[in-house]
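Chemist: Give me a 3D structure for the following:
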Amino acid sequence: MCILFLHTNPDPQDNEYRLIVATNRDEYYTRPAKAAYKCPETGVIAGRDMEPGREYGSWLGCTIKNELDNELTEGKKFCFSCLTNISGNNKVPNAAGRGELVIKYLEGTATFPEYIDKLKNTDVSFNGFNLIGVELSKGGLTRTYHSCNQPEIDSVYTGKHTIGFGNSTISSPYMKVLNGRNRFQEIIERNLDKDQLKAELLALLKDKTQHLPDEELARRSPVGLQVLSSIYVEYLSAGYGTRTHTIVLLDKEWNMEFIEFTMQEPIIDPRHPEWHQTVIKSSL
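Modeler: Below is the predicted model:
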């Protein structure tokens, strides 16, 4: 289980943001991972999976890419990507690791639609996923892309939007995604200062309120229904739960702050973890 809330605004006022992201990564407590860092070779900011056979894939990341504007001169755009798995679908034999989807998009030069077109023309198979890409440039581009492979759904959101994604299709969201998205929107509309905003977003990501009943979650994940119905997952009997919170803020002046809170490994007692904080800043 993972959950993502994002907000885009191409024309922010003072104290508003072009992009706000709040997301949880849920994973087995024993699965090894690296905390977020900026890769010196590619410039991509991301945490990395270190599971044998899946090394250096990621669930989320961002970077700055080059692009050509209308004058055919080189400009810059900020790119963000996040992956959520689709739960409850049949497994694909010999499926490739889905974590490579985020990294290959961020490391490449293709736009998100170009990347998805190339992906669909390969023989590589993946288990079910939602792949989200956000591209923002000073030339006015503000687009959020969504691609799902089971079933095939491609969506584009332009301009100002507040959206939530989880481990189901976008047409059948879990109740925690719907209710969490509403609370996320309320937090944004309060026009808080940055420290207050980060605190409220973190509180949202740590919320253990159970959002039941939920027919879609019951259909896809009937085992563990109650513990999986909250934004912050603590499924102790399965050795699984929320391990990482990430907040990304891109302000009116194109200053970016990437904040990650992740459980320090090894995770001995997930009820009382040690949290490691990473803060990375850059500007467009």
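
Chemist: If you count neighbours, what's buried in the lowest-mean-pLDDT helix or strand in the chain?
Modeler: Lowest by mean pLDDT, DSSP states H and E among the helices and strands of the chain is strand 60-68, with a mean of 89. Residues of strand 60-68 classed as buried: 60-65 (neighbour count, 16 or more other C-beta atoms under 10 Å). For glycine as for every other residue, the C-beta is placed from the backbone atoms N, C-alpha and C.

Chemist: So which residue is dead centre in this protein?
Modeler: Central residue of the chain (C-alpha atoms, centre = their mean): residue 82, 3.5 Å from the mean position.

Chemist: Next SSE downstream of the helix or strand containing it?
Modeler: Assessed by DSSP states H and E, residue 82 sits inside strand 74-85. Heading C-terminal from strand 74-85, the first helix or strand you meet, by DSSP H and E, is helix 99-107.

Chemist: any idea how far that following helix is from the chain center?
Modeler: 12 Å (C-alpha atoms, centre = their mean, to the nearest Å).

Chemist: Show me what that helix is packed against.
Modeler: strand 45-49, strand 60-68, strand 74-85, helix 112-120, strand 129-137 (3 or more C-beta pairs under 8 Å, 6 or more residues apart in numbering; DSSP states H and E).

Chemist: Quick one: the helices in the stretch 151-284 of the chain, in order.
Modeler: Listed in chain order, the helices of the stretch 151-284 of the chain (DSSP state H, counting those that start in this stretch) span 175-189, 194-205, 215-220, 225-228.

Chemist: Dump these into a markdown table; add distance to residue 14 as well.
Modeler: Listed next are those as a markdown table, based on distance: least, C-beta to C-beta, whole Å:
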| stretch | distance to residue 14 |
| --- | --- |
| helix 175-189 | 15 |
| helix 194-205 | 12 |
| helix 215-220 | 40 |
| helix 225-228 | 40 |
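
Chemist: Out of those helices, flag the one nearest residue 48.
Modeler: Minimum separation from residue 48 across these (C-beta to C-beta) falls at helix 194-205, 20.3 Å.

Chemist: now that closest one: mean pLDDT?
Modeler: For helix 194-205, the mean per-residue pLDDT is 98.

Chemist: what is residue 278 paired to in the beta sheet?
Modeler: Counting by DSSP bridges, residue 278 forms beta bridges with residue 260.

Chemist: 43 is where my numbering starts, stick with that
Modeler: Okay, using 43 as the starting number, the last item reads as residue 320.

Chemist: and it, what does it touch?
Modeler: Residues in contact with residue 320 (C-beta atoms under 8 Å, 6 or more residues apart in numbering) are 77-79, 300-302, 304.

Chemist: cool, residue 280 as well?
Modeler: 70, 266.

Chemist: For it, give its distance to residue 222.
Modeler: 22 Å (C-beta to C-beta, to the nearest Å).

Chemist: Can you give me the neighbour number for the nearest residue to residue 315 once chain neighbours are set aside?
Modeler: The shortest distance from residue 315 to any residue other than its chain neighbours is 4.3 Å, reached at residue 305 (C-beta to C-beta, 6 or more residues apart in numbering). Residues near residue 305, counting by other C-beta atoms under 10 Å, number 21.

Chemist: Thought residue 316 was touching residue 305, still the case?
Modeler: Yes. With contacts counted by C-beta atoms under 8 Å, residue 305 reaches residue 316, the gap being 7.1 Å.

Chemist: Reformat the helices of the stretch 193-326 of the chain as CSV; add mean neighbour count and distance to residue 129.
Modeler: Formatted as CSV, the helices of the stretch 193-326 of the chain follow (neighbours: other C-beta atoms under 10 Å; distance: least, C-beta to C-beta, whole Å):
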stretch, mean neighbour count, distance to residue 129
helix 217-231, 18, 12
helix 236-247, 16, 19
helix 257-262, 18, 5
helix 267-270, 18, 9
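
Chemist: Figure out which of those helices is closest to residue 93.
Modeler: Using C-beta to C-beta, these put helix 267-270 closest to residue 93, at 21.2 Å.

Chemist: helices or strands up against the one helix or strand residue 65 maps to?
Modeler: Using DSSP H and E, residue 65 maps to strand 59-70. For strand 59-70, the elements it packs on are strand 44-50, strand 116-127, strand 171-179, helix 236-247, strand 282-293, judged by 3+ C-beta pairs under 8 Å, 6+ apart.

Chemist: Reformat those as CSV; add distance to residue 212.
Modeler: Below are the helices and strands packed on strand 59-70 laid out as CSV (distance: least, C-beta to C-beta, whole Å):
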stretch, distance to residue 212
strand 44-50, 11
strand 116-127, 10
strand 171-179, 7
helix 236-247, 20
strand 282-293, 20
